[in-house]
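Engineer: Sequence first, then the predicted structure, then my questions.
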Amino acid sequence: MHNHEPGEPLEGADVRLPALQSVADPAPLGLAAFAMTTFALSLIERQHLAGGHLPALALALVYGGFAQLLAGMWEFVRKNTFGALAFTSYGAFWISYYVFVKFLVGALKPALVPSAAGVFLLGWTIFTFYNADRLNAGVGSGGRRVLRPDHHVRAAHHRCIQLNSTITHIGGWAGIVTAALAWYASAAGVINETFKKALVPVFPLAPR
């Protein structure tokens, strides 16, 4: 009969070792890309800066688009289904937003722009609402959640359709606040991961 030694797992016991991740946490990257692109576009919406949409479009394509898309792919590697879905989808949103504004809006007759924008935004609106239980204001432990991105839809709508200036200013301020929260969440994820302790508090969220 085998004698059990102290510290040795019992025969038949369910012993689970901590999962070793093959890549670093991609959530801070996705959140930072989210924040910077949102901030640039929100400044334009609030102040109507002449020519300001050009740098915002560049950020939408490269940082908000491709960087978030890459973050989503790395979330797949880490087996984080929600992070993969959110970052990949909204990275793709920014890329398609760039294509829509840069190449399609100018080619349409002005009277057709509202209906075209409606078709473009409807699916993203549905996607945002059915994920609303997870798209909260902040990130959870380890920086693994995404700020609610329905301001993306409002921002695209503001650029494609001329809305009342008051609504546009409100949307711009809301986007700036959202960007600040995303930057905070990104910084919290980086700092806490770097020092391996919760030095920066994260936002309380609904259960995972």
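Structural biologist: Sure, I can see it.

Engineer: Flag the shaky bits of the protein, pLDDT-wise.
Structural biologist: Low-confidence segments of the chain, defined by pLDDT under 70: 1-20, 45-52, 132-172, 203-208.

Engineer: Which residue ranges of the protein form helices?
Structural biologist: 27-47, 53-61, 68-77, 81-99, 113-130, 150-160, 165-195 (DSSP state H).

Engineer: Show me the one of the ones you listed that comes nearest Ala107.
Structural biologist: When the helices of the chain are ranked by proximity to Ala107, the top entry is helix 113-130, at 9.9 Å, counting by Cβ to Cβ. Where you see a C-beta, it was placed from the backbone N, CA and C, and this is true even at glycine.

Engineer: re earlier: for the helices of the chain, please prepare CSV with the additional fields distance to Gly106 and mean neighbour count.
Structural biologist: Output for these, formatted as CSV (distance: least, Cβ to Cβ, whole Å; neighbours: other Cβ atoms under 10 Å):
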stretch, distance to Gly106, mean neighbour count
helix 27-47, 17, 24
helix 53-61, 12, 19
helix 68-77, 25, 20
helix 81-99, 12, 21
helix 113-130, 10, 15
helix 150-160, 11, 21
helix 165-195, 20, 18
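
Engineer: Same list, those helices, but as a markdown table with distance to Val105 please.
Structural biologist: Output for the helices of the chain, formatted as a markdown table (distance: least, Cβ to Cβ, whole Å):
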| stretch | distance to Val105 |
| --- | --- |
| helix 27-47 | 15 |
| helix 53-61 | 11 |
| helix 68-77 | 22 |
| helix 81-99 | 10 |
| helix 113-130 | 6 |
| helix 150-160 | 6 |
| helix 165-195 | 17 |
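
Engineer: and of those helices, who's closest to Pro201?
Structural biologist: Taking the helices of the chain one by one with Cβ to Cβ, helix 165-195 is closest: 7.3 Å.

Engineer: Point out the other helices and strands that that closest one packs with.
Structural biologist: Counting contacts by 3 or more Cβ pairs under 8 Å, 6 or more residues apart in numbering; DSSP states H and E, helix 165-195 is packed against helix 27-47, helix 150-160.

Engineer: surely Phe76 meets Ala86?
Structural biologist: No - no contact is recorded between Phe76 and Ala86 when judged using Cβ atoms under 8 Å, the distance being 11.8 Å.

Engineer: so Leu69 makes contact with Ser96?
Structural biologist: No - Leu69 is not in contact with Ser96 according to Cβ under 8 Å; the separation is 11.2 Å.
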